[in-house]
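> Fold the following, please.
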Amino acid sequence: MIIIGLIVATVIALAIYIIAGKFSVKGKKSEDKLSPYACGEKYPPYTKPLRINLYRFAVAFTVLDVITIMLMLYPGVESYLYLVLCVIISLVSLLVILGE
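Residues are numbered from 1 along each chain as shown. Next up, the predicted model:
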């Protein structure tokens, strides 16, 4: 019963989205509207290189955090030493990955 309600709600929301998109007022596209804009100043023609250090850290931390949780939830292990070992292994792995 819940699945049917979810499907009906999704179909209704999708229908409203499509109908509103067809009848909404569309603005005219001009050079000024398509150009980038920030606080009244034009963007410079060059772009700064993207630093990926933070992204690399976030991805590595997320992956290792999920692995640690999976190891902690491994059935049959009731020892706190095992949990501490899992955390230490994940931190060392994180340091090794970020050290590259």
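> in the longest helix seen in the chain, what counts as buried?
Determined from DSSP state H, the single longest helix within the chain is helix 2-23. Across helix 2-23, burial judged by 16 or more other C-beta atoms under 10 Å covers no residue at all. Any C-beta I mention is one placed from the backbone N, CA and C, and that applies to glycine too.
> For the helix or strand that that helix is followed by, C-alpha coordinates in PDB please.
For helix 2-23, the following helix or strand on the C-terminal side (DSSP states H and E) is helix 31-34. What follows is helix 31-34, C-alpha atoms only, in PDB (Å, rounded to 0.1, in the frame of the first residue of the first chain):
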ATOM      1  CA  GLU A  31      24.500  38.100 -24.200                       C
ATOM      2  CA  ASP A  32      24.300  39.700 -20.800                       C
ATOM      3  CA  LYS A  33      22.000  37.000 -19.300                       C
ATOM      4  CA  LEU A  34      24.300  34.200 -20.500                       C
END
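> Distance check, Asp32 against Ala9.
Going from Asp32 to Ala9 by C-beta to C-beta, to the nearest Å gives 40 Å.
> cool, Val59 as well?
Shown here: Val59 relative to Ala9, a distance of 34 Å by C-beta to C-beta.
> can you check Leu71 too?
In terms of C-beta to C-beta, Leu71 sits 38 Å off from Ala9.
> so where is the protein shaky, pLDDT-wise?
36-52, 72, 75-80, 100 (pLDDT under 70).
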